[in-house]
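S.K.: What follows is a predicted structure for the sequence shown.
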Amino acid sequence: MSEANPTVELKLPIIENMELVATQTSEVVSKHMDLSEEKTSEISMALIEACINAFEHSETKSEIYIHFIISDDRLTIKVIDKGKGFDTSNVKIPNIEKKLKSNERKRGWGILLIKELMDSVDFESSNDGTTLTMVKNKINNE
């Protein structure tokens, strides 16, 4: 672990509500970085979605890994599973209006929500698993 970019690593078993351990860790890291409450909340919400997606869709039987990489200007979070992977080009974002008016499950917005909450989002996926990389900048680039 480099002093310049310390990394916090978690290994979470596939157990109900285990994503809350990840959010507690993100809150400690955010506080260490002096991130605002708003940014801290955005990170927590994105991380919950990322963990739930990995738990529910990867079909991994064991655990997921989360790496928090701290730097002076940003927090990078990697959520890694050793599941079946997926083709990111096949992910369809549901039509909100249509879904709200229907009887179908009100789910499927996780990736969209993650992209809205974080400053950058990238997926690397293969038959050996998926790595979701999310970045939250310390200062807004607007």
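M.R.: Nice, thanks for sending it over.

S.K.: show me the contacts for the closest residue to Ile14 other than its chain neighbours.
M.R.: Spatially, and ignoring its direct neighbours in sequence, Ile14 is nearest to Phe55 (5.5 Å; C-beta to C-beta, 6 or more residues apart in numbering). Bear in mind the C-beta positions are built from the backbone N, C-alpha and C, glycine included. Under the criterion of C-beta atoms under 8 Å, 6 or more residues apart in numbering, the contact partners of Phe55 comprise Ile14, Met18, Glu19, Ile64.

S.K.: do His57 as well
M.R.: Contacts were defined as C-beta under 8 Å, 6+ apart; by that measure His57 touches Gly83, Phe86.

S.K.: Repeat the analysis, applying 7 Å as the threshold.
M.R.: Taking C-beta atoms under 7 Å, 6 or more residues apart in numbering as the definition of contact, the neighbours of His57 are Phe86.

S.K.: Phe68 is in contact with Asn5, correct?
M.R.: No. Taking contact to mean C-beta atoms under 7 Å, the distance of 10.5 Å between Asn5 and Phe68 leaves them out of contact.

S.K.: Who has more neighbours out of these two?
M.R.: Neighbours were counted for Asn5 and for Phe68 using other C-beta atoms under 10 Å; Phe68 has more, 23 against 11.

S.K.: Would you mind listing where this structure has pLDDT under the threshold?
M.R.: Applying pLDDT under 70 to the chain flags the ranges 1-3, 87-108, 141-142.

S.K.: so Glu124 bridges to which residues?
M.R.: Using DSSP bridges, the beta-bridge partners of Glu124 come out as Thr131.

S.K.: Specify the next element, helix or strand, located C-terminal of the helix or strand hosting Leu10.
M.R.: Here Leu10 is covered by strand 7-13, with elements defined by DSSP states H and E. Using DSSP H and E, the next helix or strand after strand 7-13 towards the C-terminus is helix 19-32.

S.K.: Also compute the angle for that next one relative to strand 7-13, please.
M.R.: 170 degrees (axes from the mean of the first three to the mean of the last three C-alpha atoms, to 10 degrees).

S.K.: just the CA coordinates of helix 19-32, formatted as PDB?
M.R.: What follows is helix 19-32 as a C-alpha-only set of coordinates in PDB (Å, rounded to 0.1, in the frame of the first residue of the first chain):
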ATOM      1  CA  GLU A  19     -23.600  -3.900   1.100                       C
ATOM      2  CA  LEU A  20     -24.100  -1.900   4.300                       C
ATOM      3  CA  VAL A  21     -20.500  -2.800   5.400                       C
ATOM      4  CA  ALA A  22     -19.300  -1.300   2.100                       C
ATOM      5  CA  THR A  23     -21.300   2.000   2.700                       C
ATOM      6  CA  GLN A  24     -20.000   2.200   6.300                       C
ATOM      7  CA  THR A  25     -16.400   1.900   4.900                       C
ATOM      8  CA  SER A  26     -17.200   4.500   2.200                       C
ATOM      9  CA  GLU A  27     -18.400   7.000   4.800                       C
ATOM     10  CA  VAL A  28     -15.200   6.600   6.900                       C
ATOM     11  CA  VAL A  29     -13.100   7.000   3.700                       C
ATOM     12  CA  SER A  30     -15.100  10.100   2.600                       C
ATOM     13  CA  LYS A  31     -14.700  11.600   6.100                       C
ATOM     14  CA  HIS A  32     -10.900  11.000   5.900                       C
END
